[in-house]
Structure formats: structure tokens, C-alpha cells
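Engineer: Predicted model and sequence follow; I will ask about them next.
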Amino acid sequence: DMSSMFLVLIPELVFMLCLFGYLVFMVVFKWIAFGPQDSDRAPSILIHFIDMFVFAENPDNPPLYPGQ
């Protein structure tokens, strides 16, 4: 059905691509910003991703970049 493709499939694909694209960005940024000597103070990407969906702010997990 053509309408379900435009109203369901394409929005779902765009949403998932944006989420995974942001996740890839966070992984690459963390690799660049935090080296092996800084790994003990590096923020958790998993906690950031979960907090993004529950609209929560975790004071124990510092932001990955300013303005996050």
C-alpha cells in the first residue's frame, strides 16, 4: 500500500537513521575527545542515550560536549 509506505515506513526510517546517526556521532566524538588516560572520567554514551528518551538529566553523568 502506497499510503502506508509514505505515512509509516519513510518516517520510521528517517527517525531510526537520525537516532543511529547521532549515536555514531557520539561514539566518534567520545573517541576523539577522551583518550585512554581520560577514560575514567569520560561520560557514558549508554546513559546519555537512555536519558534522551526518558527526558531525564543525570547529574552523575557529565555532558559529552557543551550544550548537550
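Structural biologist: In hand now; what should we look at?
Engineer: Helices of this structure, start to end?
Structural biologist: 2-4, 10-33, 45-54 (DSSP state H).
Engineer: where does this protein have low pLDDT?
Structural biologist: Across the chain, nothing is flagged by pLDDT under 70.
Engineer: tell me, what residue is most central in it?
Structural biologist: residue 23 (3.9 Å; C-alpha atoms, centre = their mean).
Engineer: my guess is it contacts residue 49, does it?
Structural biologist: Yes - judged on C-beta atoms under 8 Å, residue 23 makes contact with residue 49 at a distance of 6.5 Å. In short, each C-beta sits where N, CA and C put it, glycine included.
Engineer: sorry, back to before: dump the helices of the chain to JSON lines, plus distance to residue 67.
Structural biologist: Converted to JSON lines, the helices of the chain look like this (distance: least, C-beta to C-beta, whole Å):
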{"stretch": "helix 2-4", "distance to residue 67": "38"}
{"stretch": "helix 10-33", "distance to residue 67": "13"}
{"stretch": "helix 45-54", "distance to residue 67": "13"}
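Engineer: among those, which is nearest residue 66?
Structural biologist: helix 10-33 (11.0 Å; C-beta to C-beta).
Engineer: what's that closest one in contact with?
Structural biologist: Helix 10-33 has contacts (C-beta atoms under 8 Å, 6 or more residues apart in numbering) with 42-43, 45, 48-49, 64-65.
Engineer: rerun at 10 Å
Structural biologist: Here helix 10-33 makes contact (C-beta atoms under 10 Å, 6 or more residues apart in numbering) with 4, 38-39, 42-46, 48-49, 52-53, 64-65, 68.
Engineer: got the angle for it vs helix 45-54?
Structural biologist: With axes from the mean of the first three to the mean of the last three C-alpha atoms, to 10 degrees as the basis, helix 10-33 and helix 45-54 are set at 140 degrees to each other.
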